[in-house]
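Visitor: This is the structure alone, sequence omitted:
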């Protein structure tokens with residue numbers, strides 16, 4: 001993506017950054033970070049930070065893009081963005097449905113933008129902004145997010161002219177803390193025993209509410225492997241992502257359910273007769289468990305062999321799964 005713009009008798013050139021540009025971009029990033037730190041008392045710079053290594057790392061990331069502004073073949077400005085999808089993977093959609101009340105977005109976020117003061121003009125800045133916007137449109141981004149310092153009124157006016165809307169005002173309050181005996185604010189991380197390895201392609205099962213790692217009665221962490229068909233081939237969603245199983249939970253304790261052999265009980269994946277995975281709202285569907293009342297208590301139903309029972313789906317004469325008006329699969333009544 002390249003673009004040229006004439007300003008009087010001078011020529012400015014915008015293009016995508018390349019790995020070899022890291023040396024030239026690094027001093028600009030250092031200046032940008034310094035200005036950012038001066039404007040925000042909650043941000044302190046790391047001493048002797050490797051800006052060249054940082055820029056090179058960003059340029060190697062698959063969904064990170066750097067746009068540079070050149071004047072007489074010299075880089076005088078940059079705009080770095082990264083894009084991401086807020087939609088969680090299928091296994092997270094099923095296990096962490098209470099994590100966020102908002103509809104997921106496809107986001108283009110601005111990591112940083114800086115132009116040398118001598119070249120800081122609306123037209124030159126506009127070159128970078130339009131290039132990043134075009135990339136966002138190419139990737140079908142739904143929203144672009146960027147943070148602007150309160151004193152940068154000129155860029156705020158320019159952004160509003162380009163259709164950006166001021167969505168929020170951020171306030172910060174900095175606290176000086178000292179000492180090393182600080183409360184742990186990190187989420188629980190898996191600490192594996194020596195020589196214990198996370199199997200390739202698996203994810204660690206965590207409790208939805210506590211984020212603690214789920215372990216069996218022998219203290220072993222539980223790993224979820226991708227769902228596979230009868231031939232052992234991993235199933236994927238309509239977006240090409242691997243599908244992870246939905247573990248069964250007790251309706252009273254909300255604990256995950258294990259069998260006598262300490263195997264995690266999993267809800268069966270819902271498929272058409274031809275093997276196609278059934279989805280609703282882009283999320284693969286699983287057969288729900290069947291419940292029964294025992295002494296006034298809601299319990300998971302088991303058959304005569306002690307196997308947990310799961311609901312059967314309704315099918316039409318051709319064998320295709322019936323759906324409710326909103327598109328959800330229709331399961332047989334268990335009453």
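Guide: Nice, thanks for sending it over. Fair warning: this is a prediction, and the values are worked out from it, not measured in the lab.

Visitor: In contact with residue 144, which residues?
Guide: 107-110, 132-133, 136, 164 (C-beta atoms under 8 Å, 6 or more residues apart in numbering). For glycine as for every other residue, the C-beta is placed from the backbone atoms N, C-alpha and C.

Visitor: Tell me the buried residues within those residues.
Guide: Of the members of these, the ones counted as buried by neighbours, 16 or more other C-beta atoms under 10 Å, are 107-110, 132-133, 136, 164.

Visitor: Can you redo those residues as a markdown table, where the extra columns are distance to residue 157 and secondary structure?
Guide: Converted to a markdown table, these look like this (distance: C-beta to C-beta, whole Å; DSSP: H, G, I helix; E, B strand; the rest coil):
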| residue | distance to residue 157 | secondary structure |
| --- | --- | --- |
| 107 | 24 | strand |
| 108 | 21 | strand |
| 109 | 22 | strand |
| 110 | 17 | strand |
| 132 | 18 | helix |
| 133 | 17 | helix |
| 136 | 21 | helix |
| 164 | 10 | coil |
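
Visitor: can you tell me which of those lies nearest to residue 101?
Guide: Lowest distance from residue 101 to the buried ones among the contacts of residue 144 (C-beta to C-beta) belongs to residue 107, with 16.9 Å.

Visitor: Run me through the strand neighbours of the lengthiest strand in the chain, direction for each.
Guide: What stands out as the longest strand in the chain, according to DSSP state E, is strand 74-85. Next to strand 74-85 in the sheet, as set by DSSP bridges, lie strand 64-71 (antiparallel), strand 106-115 (antiparallel).

Visitor: hmm, who's touching the longest one?
Guide: Applying C-beta under 8 Å, 6+ apart, the external contacts of strand 106-115 come out as 28-29, 31-33, 35-36, 58, 64, 69, 76-86, 124-125, 128, 132, 135-136, 139-147.

Visitor: Can you select the buried ones among those residues for me in ChimeraX?
Guide: The ChimeraX selection below is limited to those of the contacts of strand 106-115 classed as buried (16+ other C-beta under 10 Å):
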select :28,29,32,33,58,64,69,76,77,78,79,80,81,82,83,85,124,125,128,132,135,136,141,144,146
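
Visitor: Pull the contacting residues for the residue nearest to the spatial centre of the chain.
Guide: With distances taken as C-alpha atoms, centre = their mean, the residue of the chain nearest its centroid is residue 86 (4.8 Å). By C-beta under 8 Å, 6+ apart, the contact set of residue 86 is 100, 102, 104-107.

Visitor: Please give me every residue in contact with residue 308.
Guide: Per C-beta under 8 Å, 6+ apart, neighbours of residue 308: 248, 257, 265, 289, 300-302.

Visitor: now these: which count as buried?
Guide: In terms of neighbour count (16+ other C-beta under 10 Å), the buried residues within the contacts of residue 308 are 248, 257, 265, 289, 300-301.

Visitor: which among those residues gets closest to residue 184?
Guide: Checking those against residue 184 with C-beta to C-beta, the nearest one is residue 257 at 30.3 Å.

Visitor: That closest one against residue 249, yeah?
Guide: Yes. Counting by C-beta atoms under 8 Å, residue 249 is a contact partner of residue 257 at 6.6 Å.

Visitor: quick one: buried residues of stretch 291-311?
Guide: For stretch 291-311, burial by neighbour count (16+ other C-beta under 10 Å) applies to 300-301, 308, 310-311.

Visitor: helices and strands of this protein: which one has the lowest mean pLDDT?
Guide: Within the chain, judged by mean pLDDT, DSSP states H and E, the helix or strand with the poorest mean is helix 90-95; its value is a mean of 48.

Visitor: count of residues packed around residue 221?
Guide: 17 (other C-beta atoms under 10 Å).

Visitor: what sits opposite it in the beta ladder?
Guide: With DSSP bridges applied, the residues forming beta bridges to residue 221 are residue 215.

Visitor: Which parts of this protein are strands?
Guide: Listed in chain order, the strands of the chain (DSSP E) span 2-7, 10-16, 64-71, 74-85, 106-115, 143-145, 203-204, 223-224, 246-247, 266-267, 279-280, 283-284, 291-294, 297-300.

Visitor: closest one to residue 176 among those strands?
Guide: Closest of the strands of the chain to residue 176 is strand 106-115, at 26.1 Å (criterion: C-beta to C-beta).
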